[in-house]
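Chemist: mind folding the following:
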Amino acid sequence: MKQHTCPVLINDKSISSLEKVSLDTGFYNEDWIQDICFRSPNLLPVEELEPSFGGMVPICREMATESGSIDLVYVNKDGFITIGECKLWRNPEARRKVVGQVLDYAKDLSKWDYSKFEIECLKARKGNVKSLFEIIHEFYPDTEEASFCDNLQRNLEMGRFLLTIIGDGIRGNMEELAKYIHRNGNLNFTLCLVEMPVYRNPATDDLVITPRILAKTIEIERIIYKLKDADSGGVISPPNVDPPGVTISEKVFYERLEKAIGTEYMDRVKKLVADLKSEFNIRHKLGRGNRLSLNLKSANEKYNFASIQEDGEVQFYGIVSKTEELGDKQIGVEYLERLARIVGGNLDKTYSEWQWCVKKNNKYLGIKQYLEVKNQWFEIIGKTMDKINKLEDSD
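Modeler: Purely as a prediction, here's the structure:
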């Protein structure tokens, strides 16, 4: 949602408005925004955009590419790369150029291998660091170097990037954004516009920054054509394209889950998700945290019927607490108890009510076990949804 009013400060004695700071000055310039974003990467709401890019480590500023210098480069422990381009919107020409500029940077990076990327990062960083992994290891000591290098190399090859355009007051025609994107359908990327308005407390001169996401593209799927040799007639195989609306982070989640449970069960999980949507309007939403997860939630996102972890474990968050808020805690309790019976487990109340769950031998069960009782699970979900809907309709 676009914010048009200034934030206010409230204390026991008064209510006062903050003042909007114009960045069109000699001090609050693009370099100032770059510096703030580099020193405080958590200013960028990355986990809301693409959870797999979360935990960014600031690597360098002004990294040289064929198309120019990238303002900000971040990498996380899983080898996902975020590009930041900072622009003040003083004239229409700057607005028109910046989208094409950041996509050109992404195309340049997709041609590099790990070694080239590391060399350019260290060159731009201008320090005594000997390797890219050394920077990452300082923030995440448990990261394995071989795994990090392999992941980053793969992301470069696939063009999997998060591209952020950061400005003081992003305006302009979204049609221009779409036009540039459709010209660059050879990469897997998410592109977002982040507004970075700055306010001043007139009483103390303290500054307050309130980042907000203005727009986010659906991932543009890289189209790969496989050309066979001349002897076979030079046949071009059709492109392998994922369904529309699949984000990079969703693809990463499914890749990790498939590795954990196998292709056959992976196909059954995807059908499970589709059937839940068609039968109960239960949506899937990627969860944020140390591991990626897929939350199966009601359409209003209040009730979480399961949380499938990237390793296949099935956990539960908040179903009891949320039905208690609705006025009948027992609805959530009975859901977990009935589910426990069909998988041979038990309702575990070891932790806080929000984390009440189903376990067997003190361990979470895997999605494979739930898939084997899918019809019974759906029956339980249906009856639970009926009770929830009845209570909601009575309010």
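
Chemist: what is the longest helix along the chain packed up against?
Modeler: The longest helix of the chain (DSSP state H) is helix 374-394. For helix 374-394, the packing partners by 3 or more CB pairs under 8 Å, 6 or more residues apart in numbering; DSSP states H and E come out as helix 263-280, helix 319-326, helix 329-342. Backbone N, C-alpha and C define where each C-beta goes, glycine included.

Chemist: now those in CSV, please, with extra columns for distance to Ile81 and mean pLDDT.
Modeler: Output for the helices and strands packed on helix 374-394, formatted as CSV (distance: least, CB to CB, whole Å; pLDDT from 0 to 100):
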stretch, distance to Ile81, mean pLDDT
helix 263-280, 26, 95
helix 319-326, 37, 95
helix 329-342, 40, 97
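
Chemist: which among the ones you listed is found nearest to Val21?
Modeler: Of all these, it is helix 319-326 that lies closest to Val21, at 39.9 Å by CB to CB.

Chemist: what comes up buried for the closest one?
Modeler: The neighbour-count criterion (16 or more other CB atoms under 10 Å) identifies 319-324, 326 as the buried residues of helix 319-326.

Chemist: quick revisit: tabulate the helices and strands packed on helix 374-394 (JSON lines), appending distance to Ser298.
Modeler: Output for the helices and strands packed on helix 374-394, formatted as JSON lines (distance: least, CB to CB, whole Å):
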{"stretch": "helix 263-280", "distance to Ser298": "8"}
{"stretch": "helix 319-326", "distance to Ser298": "9"}
{"stretch": "helix 329-342", "distance to Ser298": "12"}
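
Chemist: tell me which of the ones you listed sits nearest to Arg212.
Modeler: Closest to Arg212 of the helices and strands packed on helix 374-394 is helix 319-326 (CB to CB; 27.2 Å).

Chemist: what residues does that closest one touch?
Modeler: When contacts are defined by CB atoms under 8 Å, 6 or more residues apart in numbering, helix 319-326 is touched by residues 302-305, 329-333, 335-336, 353-354, 356, 388, 391-392.

Chemist: how far out from the middle of the chain is that helix?
Modeler: Offset of helix 319-326 from its chain centre (CA atoms, centre = their mean, to the nearest Å): 27 Å.

Chemist: what's the angle from it to helix 374-394?
Modeler: If you take axes from the mean of the first three to the mean of the last three CA atoms, to 10 degrees, helix 319-326 sits at 20 degrees to helix 374-394.

Chemist: any idea of the angle helix 319-326 forms with helix 329-342?
Modeler: 160 degrees.

Chemist: just the C-alphas of helix 319-326, formatted as PDB.
Modeler: C-alpha atoms of helix 319-326 as PDB (Å, rounded to 0.1, in the frame of the first residue of the first chain):
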ATOM      1  CA  ILE A 319      -4.100 -23.800  14.500                       C
ATOM      2  CA  VAL A 320      -5.000 -24.100  18.200                       C
ATOM      3  CA  SER A 321      -4.200 -20.500  19.100                       C
ATOM      4  CA  LYS A 322      -6.200 -19.100  16.100                       C
ATOM      5  CA  THR A 323      -9.300 -21.200  16.800                       C
ATOM      6  CA  GLU A 324      -9.100 -20.100  20.400                       C
ATOM      7  CA  GLU A 325      -9.200 -16.500  19.100                       C
ATOM      8  CA  LEU A 326     -12.200 -17.500  17.100                       C
END
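
Chemist: what about the chain, any weak spots by pLDDT?
Modeler: Where the chain drops to pLDDT under 70, the residues are 1-4, 23-27, 89-96, 169-187, 215-245, 395.

Chemist: name the nearest residue to the spatially most central residue of it, sequence neighbours excluded.
Modeler: The chain has Glu50 as the residue nearest its centroid, 1.4 Å off, counting by CA atoms, centre = their mean. Nearest residue to Glu50 in three dimensions, chain neighbours excluded: Ser249, at 4.7 Å (CB to CB, 6 or more residues apart in numbering).

Chemist: help me confirm that the one you found comes into contact with Leu286.
Modeler: Yes - using CB atoms under 8 Å, Ser249 is in contact with Leu286, at 5.4 Å.
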